[in-house]
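*Asks:* Give me a model of this one.
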Amino acid sequence: MTARYHGRMTTPPLAPVFRCATQADIPAVVALVESAYRGDSGRRGWTTEANLLDGRRTDEADVGAVIARPDSRIVLLERDGRLLASCHVERQGDAAYFGMFAVDPAQQTGGLGKLLLGEAERIAREEWHCRAMEMTVIVQRHELIAWYERRGYRRTGTYKPFPYGDERFGLPRRDDLRFELLVKDLAGAAA
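*Replies:* Numbering: from 1, shown residues only. Below you'll find the model as predicted:
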């Protein structure tokens with residue numbers, strides 16, 4: 001199928017495809033997460049943590065462990081065979097945990113994050129029968145928290161300290177970092 005765009009015939013891009021990551025996807029997932037959260041490439045997108053943290057966001061061992069855990073997956077969003085976004089979703093009793101959410105910085109603001117978040121919520125609600133989705137977000141990430149609030153997440157006022165001294169979480173650039181728990185009720189959420 002072809003369509004006319006700006007006076008020329010082109011084939012529209014394929015629809016996004018969701019799938020679960022395998023061990024073979026680990027290097028690509030690590031590269032995507034690092035590009036979205038850290039360094040100069042992350043600064044192209046609006047979800048970067050580069051102004052808050054230096055160092056690595058994840059590594060191959062951590063991603064491999066997430067994939068290997070029971071009731072845990074890394075969900076990939078691909079288009080035309082190219083990895084554009086990923087997230088971690090894990091069943092934890094009646095709730096699911098959502099994290100390690102990354103969208104290619106060059107593709108941000110195009111709706112891919114919203115699609116992937118919706119797929120993670122669908123998995124939690126329909127496959128695992130979870131009543132809620134939970135996540136923790138660094139409180140200084142005001143724009144990101146507002147984005148989640150627009151998608152039905154609520155701030156709980158429950159805070160967790162940032163793990164200072166554990167380089168697996170990055171090298172803090174300030175001394176006042178902490179996480180806040182955000183929650184969304186999935187029981188009444190539409191499919």
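*Asks:* Please enumerate the strands of this structure.
*Replies:* Under the criterion DSSP state E, strands of the chain are mapped to 3-5, 8-10, 17-20, 53-54, 72-79, 82-92, 95-103, 132-138, 154-161, 171-172, 178-185.
*Asks:* and Glu60, which of those is closest to it?
*Replies:* Closest of these to Glu60 is strand 72-79, at 12.3 Å (criterion: CB to CB). C-beta coordinates here come from the backbone N, C-alpha and C atoms, glycine included.
*Asks:* Show me what the closest one pairs with in its sheet, parallel or antiparallel.
*Replies:* Each strand paired with strand 72-79, and its direction, by DSSP bridges: strand 17-20 (antiparallel), strand 82-92 (antiparallel).
*Asks:* buried set for that strand?
*Replies:* Ser72, Arg73, Ile74, Val75, Leu76, Leu77, Glu78 (16 or more other CB atoms under 10 Å).
*Asks:* would you list these in TSV and tack on pLDDT and distance to Phe98?
*Replies:* Conversion of the buried residues of strand 72-79 to TSV gives the following (pLDDT from 0 to 100; distance: CB to CB, whole Å):
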residue	pLDDT	distance to Phe98
Ser72	98	12
Arg73	97	11
Ile74	98	11
Val75	98	10
Leu76	98	15
Leu77	97	14
Glu78	96	19
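*Asks:* between these, which is nearest Gly188?
*Replies:* Distance from Gly188 was checked for each of the buried residues of strand 72-79 by CB to CB. The minimum falls on Val75, at 22.6 Å.
*Asks:* I figured the closest one was touching Leu117, is that so?
*Replies:* No. Assessed by CB atoms under 8 Å, Val75 is found out of contact with Leu117, at 9.9 Å.
*Asks:* just to revisit the earlier point, of all the strands paired with strand 72-79, which gets the most neighbours per residue?
*Replies:* Mean neighbour count, computed with mean count of other CB atoms under 10 Å, is highest for strand 82-92 among the strands paired with strand 72-79, reaching a mean of 21.
*Asks:* contacts for that strand?
*Replies:* Residues external to strand 82-92 that are found in contact with it (CB atoms under 8 Å, 6 or more residues apart in numbering): 16, 21, 25, 28-29, 32-33, 66, 69, 71-78, 96-104, 107, 112-113, 115-117, 120, 123-124, 128, 130, 134.
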